[in-house]
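Student: quick one, what's the 3D model for this:
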Amino acid sequence: MSEGSSPSTKQPEGFTVRPAMETDVDALGSFIAPFVERGRLLPRTHDELEDLTVDGFIAESNGQIVGFAALEIYSSKLAELRSLAVSPDQQGRGIGKALVTACVERARQRHVFEVMAITSSDEFFQRCGFDFTLPGEKKAVFLQTREAY
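Tutor: Sure, this is the predicted structure:
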C-alpha cells in the first residue's frame, strides 16, 4: 500500500471511514450544501472539493455519506483540518472523531509537524487532542479583511 492510500476502516459504531476519491465530488457537494446554507462551512467549488479529496476522508453508514473531513497540507510544517461535517442525525456516534483521527494520521504519514483547525466547536477539538497553544506558547491569531467571504 502506498503512503497516500489508506484502507477503509470499519468503526465499531456501524460506519466506515474511507479515503475520499474524485468520483465522490458531486455527492460531497450535495452533502455539504446544508452546512454551507447554515453558515457552518464555507462554500466550495467543484474544483475545491476535488482538491480536498486528495487528503480527504468520507464516513459512510448504510451506503450514505454521513461525514467528511479533509487535511490541507500547506508545508511539512503545517496542515489544516478542513470542512469537517457530520450529518446532524448521526452526531454523537464517534464519526467526527474518527474523521479527525484519519486526518491526523494522514498528517503523521506525510511527516507534517503541526495540524490546526479553525472552528466554532473548540470543545470537540480539545477532546480530539487539539489545544489553543502549542509548546513554547505559540498561538494562532487572525485578522479579517472584509465583512463576508
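Student: skipping adjacent residues, who's closest to Gly29 in space?
Tutor: Leaving aside its chain neighbours, Gly29 sits nearest to Leu49 (5.9 Å; criterion: Cβ to Cβ, 6 or more residues apart in numbering). Every C-beta, even on glycine, is put in place using the N, C-alpha and C of the backbone.
Student: tally of neighbours for the one you found?
Tutor: Using other Cβ atoms under 10 Å, the number of residues around Leu49 comes to 23.
Student: okay, how far is it across stretch 129-147, tip to tip?
Tutor: 31 Å (Cα to Cα, to the nearest Å).
Student: hmm, back to that, the residue nearest to Gly29 against Val25, yeah?
Tutor: Yes - between Leu49 and Val25 a contact is recorded at 4.8 Å, counting by Cβ atoms under 8 Å.
Student: so which elements touch the helix or strand hosting the residue nearest to Gly29?
Tutor: Using DSSP states H and E, Leu49 sits in helix 46-53. Judged by 3 or more Cβ pairs under 8 Å, 6 or more residues apart in numbering; DSSP states H and E, helix 46-53 is in contact with helix 25-37, strand 64-73.
Student: so which of those is the most packed in?
Tutor: Most buried of these by mean neighbour count (mean count of other Cβ atoms under 10 Å) is strand 64-73; its value is a mean of 21.
Student: distance from that one to the middle of the chain?
Tutor: Taking Cα atoms, centre = their mean, to the nearest Å, one finds strand 64-73 lying 5 Å from the centre of the chain it belongs to.
Student: and for it, what's in contact with it?
Tutor: Strand 64-73 is contacted from outside by 15, 17, 20, 24, 27-28, 31-32, 51-53, 55-60, 79-87, 90, 95-96, 98-100, 102-103, 106-107, 110, 112, 115, using Cβ atoms under 8 Å, 6 or more residues apart in numbering.
Student: could you give me the PyMOL syntax to select whichever of these are buried?
Tutor: Per 16 or more other Cβ atoms under 10 Å, the buried members of the contacts of strand 64-73 correspond to this PyMOL selection:
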select buried, resi 15+17+20+24+28+31+32+51+52+53+55+56+57+58+59+79+80+81+82+83+84+85+86+87+90+95+96+98+99+100+102+103+106+107+112+115
